[in-house]
Each structure stands twice: as structure tokens, then as C-alpha cells.
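# Okay, here's the prediction I keep looking at, along with the sequence it came from:
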Amino acid sequence: MAVSMIIALAALASSVTADFPDCVNGPLKNNRVCNMALDPNSRATALVSLFTLEEKIQNMGSTSPGVPRIGLPLYQWWNEALHGIASSPGVTFANSGSDYSYATSFPQPILMGAAFDDDLIYDVATVVSTEARSFNNGNYSGLNYWTPNINPYKDPRWGRGQETPGEDPFHLSSYVNKLISGLQGGLDATPYIKVVSTCKHFAGYDLESFDGVSRYAFNAIISQQDLREYYLPPFQQCARDSKVQSFMCSYNAVNGIPTCADPYLLQTILREFWGWTATDQFVTSDCDAVQNIFNGSSWNVPALGHNYTQTPEEAVADALNAGTDLDCGTFYPDFLGSAYDQGLYNISTLDQSLIRRYASLVRLGYFDPPSIQPYRQLTFANVSTDTAQSLALKAAEEGIVLLKNDGTLPLPTSNLTVAIIGPLAMSTVQMQGNYYGVAPYLHSPLYAAQQAGFSIMFSFGADINSTNTTGFAAAIGIASQADIVIYVGGIDVSIEHEESDRPDIAWTGNQLDLINQLSTLSKPLIVVQMGTMVDSSSLESNCGVNSIVWAGYPGQDGGTAIINILLGKTAPAGRLPVTQYPNHYVNEVSMTNMSLRPFESSNYSENNPGRTYKWYTGSPVYEFGHGLHYTTFNRTLSPLSKSIFSIPSLLTTSSNSSTIPAQKDLIPFRKFPFSIHNIGNTTSSYVALGFLTGSFGPQPYPKKSLVAYTRVHDIAPGEVRNGELSLNIGSLARVDEQGDMVLWPGKYTLLLDVEGVISVDFELRGEAVKLDEWPKKA
């Protein structure tokens, strides 16, 4: 993006130039914003007091022009870093061959979520924030990043499901906690935040365009029970517990009110109930979401909006008064002036929004001397380091899931002739998914197979999404000559992406036709499926398909990761972070149906077979948490020292702490020890998933709920490793119809892993107790 001025920061030892205010020699030097002894709110208040009304309004958009007369430069708030810093209005890449021409490109969150390794997520986020700071110091990016997408991925058709870690709210909450810490430099970083993380899209957002309904006009009807229990836990984690600096309100409305104009969401729940009240925390709109409160004429298509207000002035005033502090777009700068003239908001409300955002920049060190800030010393030498490249490969390998295997995998390492077939065998940029930047390299599966020393024959065979069969003969021909056949296909962002949901979840085009023909050749056949879930039930039942591997969007070294898994250089241990449904699922529930619980009706818009593994009443192709290994594990879960607990005693004592958290759901309950014995012949990691089930709380009961997980790394053959699954009181609670979180009496069972054959039972006795009371909408 163009900038209004470039200020040389002579004090910066590395001689990096970037667009920062000059608190030493510039016009602001005597203003309190440059006084490092003051708190961020006081400093930001002093800065904003210098603005005229016009200057205040013009700086309410995502491309803020600054105030040149006082030495405040232009600032671009819109920067992206979903799985590595990404091309966006605030992030640019230099020409190829130059410094800042690339950055590490990690796998999409859907694949990293499959690793169920929160420490990995922290490490990835730390690299991303380091590279973001490096780019900022080189004047190639800003400091505010609109990541992560933390909406639960409940409908497999959603075009943006690839951006999320999966379908389970507990999993997403654990994931985002580590992500925010890595991005911001800690959960309450001092003296400086590394970069600002933004939890999006708040709330109830998981539809792009379905059956004539656009995200820009969609009104998500969500019960208080579902809202509290499913859609909001990751956002509670962001706000209450992880202290994220920024939120993004979404395009859709929830129960009749556009989220960016909803004081119940932005004030009552976010700021009051969750205590997200720091003066340096702010809400941005999604891009043109403020405009869509009024109408949908924007850079987005189709041009649909909520028509919630009669005038543009009412739209901007409603958003500002509700608590939206920044407009990604130009509607605030265009109409806040006339809205003020009409008396639709108070100047103090405008000032508060500006102060929040500039206080955030104070915490980022934006106004302070670079010489005293470690983050300002980072350069391009800190980008795409050997460590970062190894981590990108590790992240892909940890997430890859072995869905089916009859013993064909791992492949022998002796000389083999391998036929590699499929439209994604040569994938490079497709492995990045969406919201990506320029990677240092993109190693396709074909490239990686060639590097592995195989004798390779290659044919595309089929397109991703066509009925063209002209490539079938060549594919069958090379497969007939090969020792091993590897098909690499599935879907990519031409099928699923922002603004486009899938009409179904079947394999696209005629890929299955080709795979079925390959399966009749009596050759070992391995199918590598990329993208998000497609219905592979026919491949699961086809004995001519020996192995199926899900590789998602594996990032810059995805091909290497896939081949390493197939060869057994790395043993697979990923678990599906979503349910793989049969394709007929899409005919049983509308995307606009936001309810979770099953409901039988002849009306398509009301019928629901149940959402996610918790409520789905059908038979999944592969269930949430499914994942095979190259070895065999014996697992044990230790019993509790007692199995009956009094509910009142659980809320007044803690099993392993002398202090009781202010939030009752965070009170520790028990740690459940387990052991994993590798009785096979392959070193492998193991993901321990802890599910809770039982008859307690309101009916219907969920089938089970994930309440704990951990990844045990590199268990050698014959080795026994121990771990713990830690449960809090909130792990045991359920949400009633009013949205209140309640601890109920009843019989509980903790299950280890998806099969549910290893378990520990316990019972809670006493009267049901509310852990908190969900705020009621006025």
C-alpha cells in the first residue's frame, strides 16, 4: 500500500526504515502520546485530542490516512496471516529475488487442527508473528492481523471450512488459546504486544452463498442454547481467557440484528459478560459489513444486504453505538460526518473507538523508540529460517490422517516404479488454500516422489471438476506398468472458497470413475485426498483401494510431507477434526438451519439429522477423531481414587489448587492418567482424545463431547509413555435452554479415543447448580 511518508529511524541498529511516528524530532514529541511513563489509554487519549472532527472521521476506516499535520502517518489496519503472512491490503511482497519477497507458508488450519497438538500451534504462531514483525520493520506490512477464523465448521459444504481447525468448540478453544499466545507474544504480553490477533467472525458465521441466500443478508436464527454451547465458546476463550486484542464482527445477522450493529453481542456478551474491557481492545467490522447493514452495494457480490436501516447514516451510527470501532471499508468515513450532524451518536463514542485502536498501537510500541524494542530489531534474516521451514514440514506431517490401510503402507523403500496420477499430483499453490502469501518454495507430491528416488511415471488422468475422459487411457496405461499406483486428487479452492459453498460433498468431476478403473488393475492403489472432506464411502468399501490418506491443504512442503508419510519416514498420527458425512447428508439439512440437535420434519428447511459428531444420528463415513497408525497401541486409563462426588464440594474445593478461579467453569476437576504402550514395530506419535458421555443435563443428550486431548510424541516400539487428560468443572457442565451453564447430577463416563472401549465412570450427586447465568437479550 502507498504511504504518506517514510521516516528514517536512525536509532534502529539494523537501519530498517518503516512508517512510524517520530516521537524524538517530530511534531508529536511534546505530546503525551510519546510519554512512555503513561498508560496506553492516557497516551492514546492525548493523541486523539489533537484530531479535528474531520480527522477523527477519516481515520475510522481500515485505510486510515493518519494526520500529516501532527506527524501521524497513514496506517493500514487490514493485514492477513491465516497460516503465514498473506497478501492483503497491508501486506506486500517484494519482487522475486529481493528481501521480503517470500515468507513461510504453513498448512491451512484445518490440517494443523488434525494434529491435535497445541504446542505445535504455538510454535507456528510464534514464527508467523516473528515474520510479521520482520515484514513490518521492512515496511511491507502492518501490525494488526485479522486472524484466526475461529467459527466452528459444522456444515461440510462451507467454503471457508479450510480456514478453521475443525468442528468441535472445545478443540477450537484450545487451539486458539495457543495461537493467540504465539501471535501476541503471550496471553498478556508486556511491555509490548508482538502483533495484534483478531478473532473472527463474531458470530454464527458459516455460510457464503446457499440456495439464493448470501452471507451479506443471511439472518442466522440461533437458540440461546446453541449460541452459548456451540457457536461462542471459541470466542469466549479469545476474549475472557486469552485476552485477544481485537474481534471482527461478521456479515450475517443473528436473530434479526446484523452482528456489527448488535449491542447484545458486542457489548452485553463480549465486553460485559466476558470482561473484555481493556481500553486497548477493539472491534473491527468484516469488510463492508457496516455498509451491508444498510445495503449490499460493495466490492462483494452478490449485491445483497440486510436493509436493516433506512439510511446510511443510521447504519454507521448503529454500528458505532453498538461497539464496532473500525470499519473495514469506507462507510464510516463517508457517512459518520452526516450522521453526527443528525445527532445519531455522541462525540465521546467516536473518541472511545479511536482511543481503543490507538491504545492498541501504543501497546505494539508504535510510538516508542525502536532501539529499546526487541521486536523492532527483526529483519528479513528472521524470515523463512531453517527452523521455520522444518516446522512447516512438521506441521503438515503431524496433521495428515491415514483413513484406510490394509498394510500396503508404508511403502517399501527398495527400487519401485510408481505411477503418480491425478489432478493435484503437481499441485503447488493449491496446497496453500486461501489467504496465502508468496512461499519460498512449493514442493508438489510429484516433485517429492521424484526426490525420493522412485522411478516415476506421471499422468493427470482426470481434471478436478470435469467429465473429460481423454486422460484416462494414459493413466491406465502407466498404472498397468507400475509397481505402485498413487492417485492424488480431491478438491481445491476452485471448488471451495470464500463466497462459494459447495452444493454437495461428493468427489468432483469424474475422479471416482478413474479411481474405480485403477482399482481393477490388481496393483497396490493409494488414494491421497486433498482439500476438505468428500464422501469417500465407495473407496472405503472398495478392496481394490488399498489405502486412503487425507492431506488437506498442506502448505509449502506439502508434497514432501505426503511422500514422507507414504514411505514411513514419518508415521501418521493425525485425527480427523471434522466428521466425514455421506453425500446424502446435504439433502437432509439446509445450510441455513443453524440448529445442532436432530429434528425430523418433512420440511427441508427444518429437518435435521443432527450436526457434528455430537448430534449426528446417521452413520458417518469416517467419524470425528478417526485416524489409523502404522503400529499398534495398547492403552489404559487409570481409575479415579473415588467415583462419587458431591456437587457442592466440587465448587468449593479444588483437587490440585489452593485457589478457586473467579470463573467456576475453570475450577479444576480431576486429572485422568493414561498410558500408551507401543506393541508394534514402528515409532509413532499418538493423539489421546478424551470424550465425556452420560445421562446428565437436558435431553436430548449428546452422543459424546470432546473435553480433553494431548499428543504424545514419538513412542518407540516396546516403549510405554504416560500422560494426563485434565478436566475442569466446565468440562462436566452443560448448557440449558436459556443459555445458562449448569453442573448436573448424573452418571458420567470418560472415554479414551473414538472407539469408546476404554473408559472411567464417575457420578455427581446433589442439586443442579448454575455455574453462571447467561445474559438475557432485552
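Sure, I can see it.
# For the host helix or strand of residue 321, the averaged confidence score.
According to DSSP states H and E, residue 321 maps onto helix 312-322. Helix 312-322 shows a mean pLDDT of 97.
# Just the buried positions in the next helix or strand after it, please.
Where DSSP H and E defines the elements, the next helix or strand beyond helix 312-322 is helix 331-341. Neighbour-count burial for helix 331-341, counted by 16 or more other C-beta atoms under 10 Å, picks out 331, 332, 333, 334, 335, 336, 337, 339, 340. Any C-beta I mention is one placed from the backbone N, CA and C, and that applies to glycine too.
# do the same with stretch 576-596
576-583, 585-586, 588-591, 593-596.
# ok, now stretch 473-493?
In stretch 473-493, counting by 16+ other C-beta under 10 Å, buried: 475-476, 478-479, 482-493.
# just checking, residue 282 touches residue 326?
Yes - with contact defined as C-beta atoms under 8 Å, residue 282 reaches residue 326; the gap is 6.4 Å.
# Common neighbours of these two, please.
353, 357 (C-beta atoms under 8 Å, 6 or more residues apart in numbering).
# Output the below-cut-off pLDDT ranges for the stretch 1-150 of the chain.
Across the stretch 1-150 of the chain, residues meeting the criterion (pLDDT under 70) sit at 1-18.
# Can you tell me which of the buried residues of helix 331-341 is nearest residue 289?
Ranked by distance to residue 289 (C-beta to C-beta), those are led by residue 331 at 9.1 Å.
# So which residues of the stretch 651-778 of the chain form strands?
668-678, 684-695, 705-715, 720-728, 734-735, 741-743, 746-752, 758-765, 769-772 (DSSP state E, counting those that start in this stretch).
# CSV for these, including distance to residue 542?
What follows is the strands of the stretch 651-778 of the chain, written out as CSV (distance: least, C-beta to C-beta, whole Å):
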stretch, distance to residue 542
strand 668-678, 30
strand 684-695, 26
strand 705-715, 31
strand 720-728, 36
strand 734-735, 41
strand 741-743, 46
strand 746-752, 30
strand 758-765, 31
strand 769-772, 49
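# what about the ones you listed, which gets the closest to residue 467?
strand 684-695 (39.2 Å).
# ok, and the closest non-adjacent residue to the spatially most central residue of the chain?
Among the residues of the chain, the one closest to the centroid is residue 164, at 3.3 Å (C-alpha atoms, centre = their mean). Spatial nearest neighbour of residue 164, chain neighbours left out: residue 153 (4.5 Å); criterion: C-beta to C-beta, 6 or more residues apart in numbering.
# hang on, the one you found packs against residue 578?
Yes - taking contacts as C-beta under 8 Å, residue 153 lies within contact range of residue 578: 5.9 Å.
# tell me, what's touching these two both at once?
Contacts common to residue 153 and residue 578, judged by C-beta under 8 Å, 6+ apart, are 110, 161, 166, 167.
# wait, is the last one part of a helix?
No - note on residue 167: no helix contains this position according to DSSP: H, G, I helix; E, B strand; the rest coil, which reports coil.
# residue boundaries of the strands in the stretch 351-500 of the chain?
Using DSSP E, counting those that start in this stretch, strands in the stretch 351-500 of the chain cover 401-405, 417-421, 455-459, 484-490.
# Would you tell me which of the ones you listed gets closest to residue 736?
strand 401-405 (35.3 Å).
# Kindly present the shared contacts of residue 153 and residue 578 as JSON lines, with separate columns for distance to residue 129 and neighbour count.
What follows is these, written out as JSON lines (distance: C-beta to C-beta, whole Å; neighbours: other C-beta atoms under 10 Å):
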{"residue": "110", "distance to residue 129": "21", "neighbour count": "28"}
{"residue": "161", "distance to residue 129": "25", "neighbour count": "28"}
{"residue": "166", "distance to residue 129": "23", "neighbour count": "27"}
{"residue": "167", "distance to residue 129": "27", "neighbour count": "26"}
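# Need the max-distance pair from the residues you listed.
110 and 167 (10.0 Å).
# list the residues that contact both of those two?
153, 577, 578.
# still on that earlier bit, can you list the strands of the stretch 351-500 of the chain in CSV and add mean pLDDT?
Shown next, in CSV, are the strands of the stretch 351-500 of the chain (pLDDT from 0 to 100):
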stretch, mean pLDDT
strand 401-405, 98
strand 417-421, 97
strand 455-459, 97
strand 484-490, 98
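# Quick check: the nearest residue to residue 284 once chain neighbours are set aside vs residue 696, distance?
Among residues not flanking residue 284 along the chain, residue 326 sits closest, at 4.1 Å (C-beta to C-beta, 6+ apart). For residue 326, the distance to residue 696 (C-beta to C-beta, to the nearest Å) stands at 43 Å.
# Looking at the strands of the stretch 351-500 of the chain, which is nearest to residue 370?
strand 401-405 (44.4 Å).
# From what I see, residue 676 and residue 633 are in contact.
Yes - counting by C-beta under 8 Å, residue 676 touches residue 633, with 5.4 Å between them.
# Mutual contacts of the two, please.
686, 715.
# quick one on the thing from earlier: OK, contacts around the residue nearest to the centre of the chain?
Contacts of residue 164 by C-beta under 8 Å, 6+ apart are 109, 110, 113, 149, 150, 151, 152, 153, 172.
# Highest neighbour count among the residues you listed?
Counting neighbours by other C-beta atoms under 10 Å, residue 109 comes out on top of these with 33 neighbours.
# Wait, it touches residue 161, no?
No - using C-beta under 8 Å as the test, residue 109 is too far from residue 161 to be in contact (9.6 Å).
# Pull out the buried residues from stretch 180-194.
180, 181, 182, 183, 184, 185, 189, 192, 193, 194.
# Between the two ends of that stretch, how far is it?
10 Å (C-alpha to C-alpha, to the nearest Å).
# and it, how far out from the chain's middle?
When C-alpha coordinates are averaged (C-alpha atoms, centre = their mean, to the nearest Å), stretch 180-194 and its chain have centres 18 Å apart.
# so which of the strands of the stretch 651-778 of the chain comes closest to residue 60?
Residue 60 lies closest to strand 769-772 among the strands of the stretch 651-778 of the chain, at 34.5 Å (C-beta to C-beta).
# who touches that closest one?
With C-beta under 8 Å, 6+ apart, strand 769-772 has contacts from 647-648, 651, 663-665, 729-730, 733, 740-743.
# go with 6 Å
647, 664, 665, 733, 740, 741, 742, 743 (C-beta atoms under 6 Å, 6 or more residues apart in numbering).
# Next one, pLDDT for the nearest residue to the third one once chain neighbours are set aside please.
Okay, so that is residue 665. Leaving aside its sequence neighbours, residue 665 sits nearest to residue 730 (C-beta to C-beta, 6+ apart; 2.9 Å). In this model, residue 730 is scored at 97, pLDDT.
# State the distance from residue 730 to residue 689.
18 Å.
# Grab the nearest non-local neighbour of residue 136.
In space, residue 136 is closest to residue 143, 5.6 Å off (C-beta to C-beta, 6+ apart).
# Oh, that last question was meant for residue 489, not what I typed.
residue 422 (4.1 Å).
# same deal with residue 141?
The shortest distance from residue 141 to any non-neighbouring residue, by C-beta to C-beta, 6+ apart, is to residue 135 (4.0 Å).
# would a markdown table of the strands of the stretch 351-500 of the chain with distance to residue 446 be doable?
Formatted as a markdown table, the strands of the stretch 351-500 of the chain follow (distance: least, C-beta to C-beta, whole Å):
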| stretch | distance to residue 446 |
| --- | --- |
| strand 401-405 | 21 |
| strand 417-421 | 5 |
| strand 455-459 | 6 |
| strand 484-490 | 8 |
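# of those, which approaches residue 56 most closely?
Ranking the strands of the stretch 351-500 of the chain by proximity to residue 56 (C-beta to C-beta) places strand 484-490 first, at 49.5 Å.
# Direction included, what does the closest one pair up with?
strand 417-421 (parallel), strand 525-530 (parallel) (DSSP bridges).
# quick one: contacts of that strand?
With C-beta under 6 Å, 6+ apart, strand 484-490 has contacts from 416, 418-425, 445, 479, 511, 515, 518, 523-531.
# related to what we said a few turns ago, how close does the residue nearest to residue 136 sit to residue 675?
From residue 143 to residue 675 the distance is 45 Å (C-beta to C-beta).
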